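1. Can you look at this prediction? I've put the sequence above it.
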Amino acid sequence: MSNQNIIDINKANGVTANFTNFIGDGSGLTNVNSNTVDNLDSADFLRSNDSDQYTLGTLEFLTGTTLKTSGTAILDGAVDINSTSLTIADDNISFDSASGVIFTPTSDLNIDLAATKKFSVENSKLVVTEAGNIGLGTISPSALLDVGGGNRDKVDGTDDLLVKNDAEIDGNLYVQGTINSDNFNGGTFNGTFLGSGAGLRNISASSLAGFDQGQILRSNANDNYTSGTLTFDAGTTLKTSGTAILDGAVDINSTNLGLS
């Protein structure tokens, strides 16, 4: 004790003292700045009440700790997120890069949408719903691919394509099901049908492979066979239940003519 300097704080008010070290608890010290701590000056400390910079090294938050910003976090450099789970509570995320934003995942990029939620691009010009429907120009796609948001009254929407207005196909159209149209009669089809057309309906002769009505015999009105030879192959029969009027010459090449 005789080698130590002891100062009575109650009597040292206003006295300046220089100490090489403190022994004991310093919790009661006041008016101590960072210049007196471990030979560190103010530039070696982050300020909590003013703008400041972290200049060197790595600031690491160990497991169980949290970095929370109630204000705005500005990340000017590269951001590496090594976690397998990233949760963003904000509903408005902006990218202001002049050269665009590039995502380069090393595996599948999966966006998991909650029930009834949507993923949209450029103010809903492209929308993907939680159910898997894709909408182009519609925020509520009612088919697997919905272009323009047309009225879906013919299909249930499951694995279906719905186009509101015109659809242009520059190649072949392959249909394994049935083509149904209420407004195809009188229209023009430019292309080739492949497969059976048994399911087609409401199509006029004018729309079939360049044929017009004058090139097809009518079965429900008077008509003329104007050119060529109409041949009935062996095993077929020409039967008239009404009156047969033969105005020209009749050549009967059979050796057997039966009149009943």
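-> Yep, it's here.
2. measure stretch 58-72 end to end?
-> With Cα to Cα, to the nearest Å as the measure, the ends of stretch 58-72 fall 21 Å from one another.
3. hmm, who's touching it?
-> If you take Cβ atoms under 8 Å, 6 or more residues apart in numbering as the criterion, stretch 58-72 is touched by no other residue. C-beta here means a position set from N, CA and C on the backbone, and glycine is covered the same way.
4. what do you get for stretch 133-153?
-> Residues lying outside stretch 133-153 but in contact with it, judged by Cβ under 8 Å, 6+ apart, are 118, 120, 124-129, 132, 155, 157-165, 167.
5. can you rerun that using 6 Å?
-> Under the contact criterion Cβ atoms under 6 Å, 6 or more residues apart in numbering, stretch 133-153 has outside partners 124, 127-128, 157, 159-165.
6. May I ask which two of the residues you listed are separated the most?
-> S124 and D159 (22.8 Å; Cβ to Cβ).
7. show me where the protein has helices.
-> Listed in chain order, the helices found in the chain under DSSP state H amount to none.
8. before we move on, the earlier item: type out the PyMOL command that picks the buried ones from the contacts of stretch 133-153.
-> This is the PyMOL syntax for the buried subset of these, where burial follows 16 or more other Cβ atoms under 10 Å:
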select buried, resi 127+128+162
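9. want to try CSV for the contacts of stretch 133-153, with distance to V79 and pLDDT as columns?
-> What follows is those, written out as CSV (distance: Cβ to Cβ, whole Å; pLDDT from 0 to 100):
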residue, distance to V79, pLDDT
S124, 28, 77
V127, 28, 90
V128, 26, 90
G157, 40, 81
D159, 40, 87
D160, 41, 88
L161, 40, 88
L162, 40, 89
V163, 42, 88
K164, 41, 88
N165, 44, 86
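10. Strands - which of the contacts of stretch 133-153 land there?
-> 127-128, 161-163 (DSSP state E).
11. for those, which one is nearest T106?
-> Of all the ones in strands among the contacts of stretch 133-153, the one sitting nearest T106 is V128; the distance, using Cβ to Cβ, is 22.6 Å.
12. The closest one contacts F119, correct?
-> Yes - between V128 and F119 a contact is recorded at 4.5 Å, counting by Cβ atoms under 6 Å.
13. Which pLDDT does the model give G177?
-> G177 is assigned 69 on the pLDDT scale.
14. quick one, strands of this structure?
-> 118-121, 126-129, 134-136, 145-147, 161-163.
15. The last one - contacts with which helices or strands?
-> Pointing back at strand 161-163 there. Using 3 or more Cβ pairs under 6 Å, 6 or more residues apart in numbering; DSSP states H and E as the contact criterion, the neighbours of strand 161-163 among helices and strands are strand 145-147.
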